[in-house]
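Engineer: one predicted model, sequence on top.
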Amino acid sequence: MEALYKIRASQIDNNFIESVKKLFSDEEVVIRITSYTDETEYLSKYPANENHILENMVAEPAKRFTGDEFDEYSSKKL
């Protein structure tokens with residue numbers, strides 16, 4: 001069995017520990033702790049990177065739908 005938890009360190013308390021113990025009973029477990037960095041947030045710290053990200057977002061092709069058009073489009077088999 002495998003479980004992935006994504007929580008803030010401040011949220012790790014006895015209730016969390018007890019829920020992990022209950023979920024895995026008497027099984028041997030491996031606990032790996034890593035910090036999470038949102039890549040877009042990290043890259044946006046630098047103005048040149050942020051401009052590049054925004055330019056790429058604008059360049060992405062887009063299609064607009066009404067609700068009915070979306071229903072029709074999404075029901076088509078590819």
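Structural biologist: Sure, I can see it.
Engineer: now do the worst-scoring helix or strand of the chain on mean pLDDT: which elements does it pack against?
Structural biologist: Using mean pLDDT, DSSP states H and E, the weakest-scoring helix or strand in the chain turns out to be helix 39-43, at a mean of 80. Taking 3 or more Cβ pairs under 8 Å, 6 or more residues apart in numbering; DSSP states H and E as contact, the helices and strands that helix 39-43 lies on are helix 47-59. Backbone N, C-alpha and C define where each C-beta goes, glycine included.
Engineer: contacts for the helix it packs on?
Structural biologist: Helix 47-59 is contacted from outside by Thr40, Leu43, Ser44, using Cβ atoms under 8 Å, 6 or more residues apart in numbering.
Engineer: helix or strand right after it?
Structural biologist: Counting by DSSP states H and E, the next helix or strand C-terminal to helix 47-59 is helix 67-75.
Engineer: tell me the mean pLDDT over that following helix?
Structural biologist: Across helix 67-75, the average pLDDT comes to 86.
Engineer: and for stretch 30-38?
Structural biologist: When pLDDT is averaged over stretch 30-38, the result is 87.
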